[in-house]
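>>> here is a sequence together with a model predicted from it:
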Amino acid sequence: MRINFDESKPIYLQIADAIKKAIVRGEYGMGNKVPSVRELAIELKVNPNTVQHAYQELLREGVIFTKRGQGNFVTEDPEKLRELREGMLNQLVDKFVDDLKGIGIPIEKEKILKLLEEENDRS
C-alpha cells in the first residue's frame, strides 16, 4: 500500500481511508485478514500507534473486526460494504460539485452525464 500523506489531514485517517479504498477495490475481500499493525507500520514507515489508531477507527465504523489472537479482518457484512461504497461515491460527487462551483463552472447535468459516458467508454 502506498499513501502520499497530506499534512492537512491526520495520518491515521489517511491510513483508514486507504484501507477502505483497498477494500472497495477488492484488494481485501470480505472476511480476509488485513495486514498486522506492525506490518503496515513498517510498510508505510509510520509509528505502529498511528496504524493502531487507524484500525480503531475502522473497527468503530464496522469496516473491520478483530479475532482475538488472529488479527483484524474485513467485515463479512455485505450491507456494510455497500454503505462504504455509497459513502465514497457521495464524497467524490460532493467534491466534484464543490470543485466545479469553486472555479465558476455551472453544473449542467446533461453535459456532465455525456462526459461521464465518454470516459466510461474509454475505460
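Done, it's in.
>>> near the closest residue to P35 other than its chain neighbours, how many other residues are there?
Counting by Cβ to Cβ, 6 or more residues apart in numbering, E43 is the residue found nearest to P35 once chain neighbours are left out, at 7.0 Å. Any C-beta I mention is one placed from the backbone N, CA and C, and that applies to glycine too. Around E43 there are 13 other residues, counting by other Cβ atoms under 10 Å.
>>> the bottom helix or strand of the chain by mean pLDDT?
Scoring the helices and strands of the chain by mean pLDDT, DSSP states H and E places helix 109-122 at the bottom, with a mean of 90.
>>> now do the residue nearest to P35 against I112, distance only.
The span separating E43 from I112 equals 38 Å under the rule Cβ to Cβ, to the nearest Å.
>>> I'd say A41 and P48 touch.
Yes: using Cβ atoms under 8 Å, A41 is in contact with P48, at 4.2 Å.
>>> ok, the two, which is more surrounded?
The neighbour comparison of A41 against P48 (other Cβ under 10 Å) goes to A41, with 19 against 14.
>>> packing partners of the strand or helix carrying that one?
Assessed by DSSP states H and E, A41 sits inside helix 37-44. Contact here means 3 or more Cβ pairs under 8 Å, 6 or more residues apart in numbering; DSSP states H and E; on that basis helix 37-44 packs against helix 48-61.
>>> mean confidence (pLDDT) on the helix it packs on, please.
Confidence over helix 48-61, taken as the mean pLDDT, stands at 98.
>>> following that helix, which helix or strand shows up next?
Where DSSP H and E defines the elements, the next helix or strand beyond helix 48-61 is strand 64-67.
>>> C-terminal to that next one, what's the next element?
Later in the chain than strand 64-67, the nearest helix or strand by DSSP H and E is strand 71-74.
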